[in-house]
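Engineer: Sequence first, predicted model second:
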Amino acid sequence: MKKIIALLLFPFFVLFAQNGEELFDMKCAVCHIKTRPTSQMKDSLIAPPINGIVKNLKQAFGDNKDATLEFIVSYTLEPSLEKAKCKTDAIQRFGVMPSQKESVTQDELKSIANYMYANFPLQR
């Protein structure tokens, strides 16, 4: 009986065991790299590096962590040119991010957003 209960609960443990970095790596790093791009990498980027995104968001929202996190969740699910906080040249190069409604949940995004806020931009 204990084995059956453990097997039934296993998916929930896996879900809650994932932290923001693991979720970012699974759901975001396909497009957004976590490192500073080298000059050789720049031409092959398909989306802005996360470092620059978070830097722009922290400039836009100042020390308001809650507003920054709310923006990340909202924008990821319903991106638009009007909402965008990226620099104009980044939007011209990469376009507006496609909605990730089908790929990530709000709870996952909250974990990802917290990870992003705490770890980026990278310090020199």
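Structural biologist: Structure received. Because the structure is predicted, anything quoted here is derived from the model rather than measured.
Engineer: looking at it, residue 96 is touching residue 76, isn't it?
Structural biologist: No. Distance between residue 96 and residue 76: 11.6 Å, which falls outside the contact criterion (C-beta atoms under 8 Å). From N, CA and C alone the C-beta is placed, and that goes for glycine too.
Engineer: Between the two, tell me which one has more neighbours.
Structural biologist: The residue with more neighbours, out of residue 96 and residue 76, is residue 76; 22 against 14, by other C-beta atoms under 10 Å.
Engineer: OK, contacts around the more buried one?
Structural biologist: 97, 99, 100, 104, 109 (C-beta atoms under 8 Å, 6 or more residues apart in numbering).
Engineer: Which of these are buried? Put it as a ChimeraX command.
Structural biologist: Those of the contacts of residue 76 that count as buried under 16 or more other C-beta atoms under 10 Å are selected in ChimeraX with:
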select :97,100,104,109
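Engineer: Rebuild the contacts of residue 76 as TSV, extending it with pLDDT.
Structural biologist: Formatted as TSV, the contacts of residue 76 follow (pLDDT from 0 to 100):
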residue	pLDDT
97	97
99	98
100	98
104	97
109	98
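Engineer: Pick out whichever of the contacts of residue 76 sits closest to residue 55.
Structural biologist: residue 97 (16.6 Å; C-beta to C-beta).
Engineer: Leaving out sequence neighbours, find the closest residue to that closest one.
Structural biologist: Leaving out its chain neighbours, the residue that sits closest to residue 97 by C-beta to C-beta, 6 or more residues apart in numbering is residue 79, at 4.6 Å.
Engineer: Now do that neighbour against residue 100, distance only.
Structural biologist: 8 Å (C-beta to C-beta, to the nearest Å).
Engineer: Tell me where this protein has helices.
Structural biologist: 2-17, 20-27, 50-61, 65-77, 88-94, 106-119 (DSSP state H).
Engineer: Where does the prediction get shaky in the protein?
Structural biologist: 1-17, 124 (pLDDT under 70).
Engineer: okay, how far is it across stretch 42-50, tip to tip?
Structural biologist: 13 Å (C-alpha to C-alpha, to the nearest Å).
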